[in-house]
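Enquirer: Give me coordinates for this.
(one chain, ligands or ions: 1)
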Amino acid sequence: MTLSYEDLLKKAYTDITEPTEAEERFVVPTARTFIEGKTTVLENFAEIANTLRRDQDHLMKHLLGELGTAGKIEGTRAVFSGKFEREQINAIIHSYVDDYVICSECGKPDTRLVKTDRVLTLRCDACGGHRPVRKRRATVDPSAAAKPTEGAIMDVTPQFLSKRGDGVVKIGRYTMYVANAKPGQTVKVRITRIAGTIVFTERVD
Ligand SMILES: [Zn+2]
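Expert: Residues are numbered from 1 along each chain as shown. This is a model prediction of the structure:
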């Protein structure tokens, strides 16, 4: 018997979410922030960089770029000029994790940033996968892009293939699976279901 695509996706989702190995769960610390005068203090900045195992300067540069402000690292805290919402800082940290920490092949955080020939590459110690680090476009509003809705029809372009050969599209913190679509190929899909951050689709072209 043949499993339907929906069944395969359910299986994929189960495989993803069930802890199959006795490994520490990777939890991105929630930003603890407060406003101090005309600045925003990210209290647990060093803890976040440590958990992500990323260079503090690299993370700081990303935060400053996304917030569009100036700031500095002060001990274990980061201080930004201007008043920012905690949610905004959390969203930026999560986009940083997606772009610079999580392996797009196996979804694990056991990765390193390696610079070769001026190209920044994310290398995964868990599966051996590697990919060039995506350059984020400043015009993309991560909060708007990060909300797929069920029933929506959209054109998508898979960025890579899952182990099972489905096209995978990362939309903010969501992962969308598209049947029979190759990376770089634009296809029309309808979102049939959203389970957590996993987005199920059907082809409508
Ligand atoms: Zn990997």
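Enquirer: from here on, contacts and neighbour counts on C-alpha atoms
Expert: Fine.
Enquirer: what's the domain layout of this structure?
Expert: 33-132, 146-203 (automatic domain parsing).
Enquirer: Compare those domains and report which one is nearest to the ion.
Expert: domain 33-132 (4.0 Å; Cα to the ion).
Enquirer: That closest one: end-to-end distance?
Expert: One end of domain 33-132 sits 31 Å from the other (Cα to Cα, to the nearest Å).
Enquirer: How far does that domain sit from its chain's centre?
Expert: Relative to its chain's centre, domain 33-132 lies at 11 Å (Cα atoms, centre = their mean, to the nearest Å).
Enquirer: One more: stretch 121-134?
Expert: Going by Cα atoms, centre = their mean, where stretch 121-134 is centred and where its chain is centred differ by 14 Å.
Enquirer: And it, what's buried?
Expert: T121, L122, R123, C124, H130, P132, V133 (16 or more other Cα atoms under 10 Å).
Enquirer: ok, and of those residues, which contact the ion?
Expert: C124 (Cα under 5 Å from the ion).
Enquirer: Sort out for me which of the buried residues of stretch 121-134 are in strands.
Expert: Counted as lying in strands by DSSP state E, out of those, are T121, L122, R123, C124, H130, P132.
Enquirer: Serialize those to TSV and add fields for pLDDT and distance to D110.
Expert: As requested, those are exported to TSV (pLDDT from 0 to 100; distance: Cα to Cα, whole Å):
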residue	pLDDT	distance to D110
T121	92	14
L122	93	10
R123	94	9
C124	95	6
H130	87	12
P132	86	16
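Enquirer: Now for these: which two are most distant?
Expert: The two members of these with the most space between them (Cα to Cα) are C124 and P132, at 11.7 Å.
Enquirer: Average pLDDT for stretch 133-151, rounded please.
Expert: Average pLDDT, stretch 133-151: 60.
Enquirer: brain fart, stretch 47-67
Expert: 95.
Enquirer: check contacts around the closest residue to T33 other than its chain neighbours.
Expert: Leaving aside its sequence neighbours, T33 sits nearest to L42 (Cα to Cα, 6 or more residues apart in numbering; 4.5 Å). When contacts are counted by Cα atoms under 8 Å, 6 or more residues apart in numbering, L42 touches A31, R32, T33, F34, R77, A78, V79, F80.
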